[in-house]
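Asks: the sequence isn't on hand, but the structure is:
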């Protein structure tokens, strides 16, 4: 069986289990009332928005995605895959999910182009996955496939930039039951498929509504909670697999009480985004630093994003995209990360740690129009600034991550000063930790004349432990935003470590896990251990 077919077969089998369950692009915002006043991480998994921390099609990897609408109403849902390097948009589209609907897809590497490719046999109506503009779903007989794009990625790099990254999913609006939009997207009880009328969907979603009443007339209303998601990362050569659930962001009224968000609908088309109000500006609908700096021209399909105001009304809470970006970053921010690693030769073990920072784009990004790639900052950001980041190899790199109260691990090179490492503490399985005079850390790569310093580079950074920069020794075969950390003392082949994420008192927004691959003879195993984190103290937006 071909590798891509293996991934699709697994996706189809899992998708077939049958689980069920307002910064509006308008000119008059006065009527788009959201009852929710804050965004929080919902550990229960139900959300208005979902964050999938990582996908990969490197080597023999494939990534399987499941999203379920557990609600009793339909939803207009935005999917956006972003790159691991600098969070560049690789592919975005809309899925119109009817009540109880489940959408599944596989992301694999296209043999001809080397790019990632999304393939789905799911029949739910999709907007933006057809070059001819057709609105349709897939089927087992006619899968719907689409290549990721390099239009927004670093022009000095290749198709490999599309092969790693993360996914954000946003409920833009609920679909009003009984509306024409509802009728054409609702799955038929007889055929198990929706109609997906191009005329109805164009009339409903083809242009910006001018006001709240027009949005309602088209079949849209304020988004409610109800999305859940899961992912599987499958290595198709050695059959190792890792899985997890998407991080759920919920808009709520008060603790334990979910509310409605603002309608955040924009058409899946080219064109300049409609301002937040007739006198507004782009900064009221997105905090994307490259858009605001005029380095990239935003299109209608670029919105919404995770910074688009989703909760609060008027002057309360997230009345601007910068405030929304800070509020979402705050609930994801952590001061330190701890996890395990296994690299014992006896079981051919390898370990990668993932550090995914899904909101960093709204604080700092890289300007590809300059020769070296300059950092573009949002001036009001309290999370990323000139003091805690650098640009290396045209990627933003975090460089001052020391956990408060942790052991300071130092490096000393001849002719250079002693600097602080990013690693707060290292232990083997018997609680032994290296002393300051005899530390085993050798971070790489580093220039010989530069003081040794460990960097977290890229938006979805993968740090391989004891891999020695060898790709095959990386559990995830990562390369886009890959770093290596070698513990030269044999005593530290297995154990645990803590990693500081401190940026003053704010912390850094991080999602991720330890991905471990091990072998027992001819049988391979994959384990994913979510990071254990200490939350940061959020600044006042």
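Replies: Cool, got the structure. Small disclaimer: the values here were computed from a predicted structure and weren't measured.
Asks: low-confidence ranges in the stretch 301-450 of the chain?
Replies: Scanning the stretch 301-450 of the chain for pLDDT under 70 picks out the ranges 313-319, 400-450.
Asks: now do the helices in it.
Replies: For the stretch 301-450 of the chain, helices defined by DSSP state H, counting those that start in this stretch occupy the ranges 321-332.
Asks: make sure residue 510 is actually in contact with residue 334.
Replies: Yes - contact criterion CB atoms under 8 Å: residue 510 and residue 334 qualify, at 5.4 Å. In short, each C-beta sits where N, CA and C put it, glycine included.
Asks: give the residues shared as contacts by those two.
Replies: Any residue near both residue 510 and residue 334 by CB atoms under 8 Å, 6 or more residues apart in numbering counts here, and that gives 501, 531, 533.
Asks: following the longest strand along the chain, which helix or strand comes up?
Replies: Using DSSP state E, we find that the single longest strand of the chain is strand 164-175. With elements assigned by DSSP states H and E, the helix or strand that comes after strand 164-175 is helix 180-185.
Asks: related to what we said a few turns ago, turn the shared contacts of residue 510 and residue 334 into a markdown table, including distance to residue 80.
Replies: Shown next, in a markdown table, are the shared contacts of residue 510 and residue 334 (distance: CB to CB, whole Å):
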| residue | distance to residue 80 |
| --- | --- |
| 501 | 25 |
| 531 | 23 |
| 533 | 25 |
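Asks: could you dump the residues you listed into JSON lines with secondary structure added?
Replies: Listed next are the shared contacts of residue 510 and residue 334 as JSON lines, based on DSSP: H, G, I helix; E, B strand; the rest coil:
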{"residue": "501", "secondary structure": "coil"}
{"residue": "531", "secondary structure": "coil"}
{"residue": "533", "secondary structure": "strand"}
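Asks: out of the residues you listed, who's the most crowded?
Replies: For the shared contacts of residue 510 and residue 334, the largest neighbour count, defined by other CB atoms under 10 Å, is 29 neighbours, found at residue 501.
Asks: ok, and the closest non-adjacent residue to that residue?
Replies: Once flanking residues are discounted, residue 501 sits nearest to residue 508: 4.3 Å by CB to CB, 6 or more residues apart in numbering.
Asks: backbone dihedrals for that neighbour, please?
Replies: Phi and psi for residue 508, reported as degrees, to the nearest 10, are phi -130, psi 140.
Asks: I'd assumed residue 336 was in contact with it.
Replies: No - with contact defined as CB under 8 Å, residue 508 does not reach residue 336; the gap is 9.8 Å.
Asks: spatially nearest residue to residue 358, not counting backbone neighbours?
Replies: In space, residue 358 comes closest to residue 51 once its chain neighbours are excluded; the distance is 5.2 Å by CB to CB, 6+ apart.
Asks: quick one, what contacts the one you found?
Replies: Contact partners of residue 51, counting by CB under 8 Å, 6+ apart, are 166, 167, 168, 169, 246, 247, 249, 358, 511.
Asks: what does residue 393 give?
Replies: Neighbour list for residue 393: residue 457 [criterion: CB under 8 Å, 6+ apart].
Asks: from residue 154, how far out is it?
Replies: For residue 393, the distance to residue 154 (CB to CB, to the nearest Å) stands at 10 Å.
Asks: burial of the residue nearest to residue 197 when sequence neighbours are not counted, as a residue count?
Replies: Excluding the flanking residues, the one nearest residue 197 by CB to CB, 6+ apart is residue 184, at 4.3 Å. Per other CB under 10 Å, the neighbour tally for residue 184 reads 23.
Asks: re the thing from before, which other helices and strands does the longest strand of the chain contact?
Replies: In terms of contacts (3 or more CB pairs under 8 Å, 6 or more residues apart in numbering; DSSP states H and E), strand 164-175 is packed against strand 49-56, strand 74-83, strand 89-97, helix 180-185, strand 220-221, strand 227-235, strand 460-465.
Asks: and of the ones you listed, who's closest to residue 160?
Replies: strand 74-83 (10.0 Å; CB to CB).
Asks: give the other helices and strands that that closest one contacts.
Replies: Against strand 74-83 (3+ CB pairs under 8 Å, 6+ apart) you get strand 61-69, strand 89-97, strand 164-175, helix 180-185.
Asks: distance between the longest one and the chain's centre?
Replies: This means strand 164-175. Centroid separation between strand 164-175 and its chain, computed with CA atoms, centre = their mean, to the nearest Å, is 10 Å.
Asks: partners of it in the sheet?
Replies: Strand 164-175 has the following sheet partners, assigned by DSSP bridges: strand 49-56 (antiparallel), strand 74-83 (antiparallel), strand 220-221 (antiparallel).
Asks: tell me which of the shared contacts of residue 510 and residue 334 is nearest to residue 494?
Replies: residue 531 (17.7 Å).
Asks: need the contact list for the closest residue to the closest one other than its chain neighbours.
Replies: In this structure, residue 531 finds its nearest non-sequential neighbour in residue 337, 4.7 Å apart by CB to CB, 6+ apart. Each residue near residue 337 by CB under 8 Å, 6+ apart is listed here: 353, 355, 498, 499, 501, 510, 512, 531, 532, 533.
Asks: who does residue 337 bridge with?
Replies: residue 499, residue 533.
Asks: separation between it and residue 357?
Replies: From residue 337 to residue 357 the distance is 12 Å (CB to CB).
Asks: mutual contacts of the two, please.
Replies: Residues touching both residue 337 and residue 357 (CB under 8 Å, 6+ apart): residue 510.
Asks: in the stretch 101-250 of the chain, which spans are helices?
Replies: 180-185, 198-205, 212-217.
Asks: who's in contact with residue 308?
Replies: Shown in contact with residue 308 (CB under 8 Å, 6+ apart): 23, 170, 264, 285, 286, 321, 324.
Asks: what is the burial count for residue 371?
Replies: Neighbour count for residue 371, taken as other CB under 10 Å: 8.
Asks: let me know the pLDDT of the closest residue to residue 464 other than its chain neighbours.
Replies: Sequence neighbours aside, residue 474 is the residue nearest to residue 464 in space, at 4.4 Å (criterion: CB to CB, 6+ apart). The model reports residue 474 with a pLDDT of 83.
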